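Student: Dropping the sequence and predicted coords here.
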Amino acid sequence: MRNKIISINLIYINDNPKLKISLLFKIEKGVSIKKFFKYKEVSDVLKKISISKHKFGIFGNIVRDDYILQNHDRLEIYNPIKLSPKTRRNLILSNKRKSS
């Protein structure tokens, strides 16, 4: 019996527009996110991205790398947070005060 083939949409957006990725992959059913990134087709596309530092989501919900991908999942790669939300808000406020 053949394994069923499913479609996965991979999304990655970075500050650098040249690193924006939105690709459709066909994979076997029952593959985890961790195993998905080991596929040659995927690793070739993501060779400039250190996946170990990123979190992953499916349709906006954070999931672990042992999540089993489902047909038509949108796998999102999230950039690591560089600033805490509190620090970011304070920077925005100080910039607004300077411009006023």
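Tutor: Great, that's in hand. Numbering: from 1, shown residues only.
Student: low-confidence ranges in the chain?
Tutor: Applying pLDDT under 70 to the chain flags the ranges 1-2, 17, 100.
Student: List the contacts of the closest residue to residue 9 other than its chain neighbours.
Tutor: Once flanking residues are discounted, residue 9 sits nearest to residue 74: 4.6 Å by C-beta to C-beta, 6 or more residues apart in numbering. Glycine gets a C-beta too; all of them are placed from N, C-alpha and C. Contact analysis of residue 74 by C-beta atoms under 8 Å, 6 or more residues apart in numbering lists 9, 11, 58-59.
Student: Residue 77 - nearest residue in space that isn't next to it in sequence?
Tutor: Nearest one to residue 77, counting by C-beta to C-beta, 6+ apart, is residue 12 at 4.2 Å.
Student: and the residue positioned nearest the centre of the chain, bridged to which residues?
Tutor: The chain has residue 77 as the residue nearest its centroid, 0.8 Å off, counting by C-alpha atoms, centre = their mean. With DSSP bridges as the criterion, residue 77 is bridged to residue 12, residue 56.
Student: Surely it and residue 53 touch.
Tutor: No. The criterion here is C-beta atoms under 8 Å, and residue 77 misses it with residue 53 at 10.1 Å.
Student: My read is that residue 7 contacts residue 26, right?
Tutor: Yes. If you go by C-beta under 8 Å, residue 7 and residue 26 touch, sitting 5.9 Å apart.
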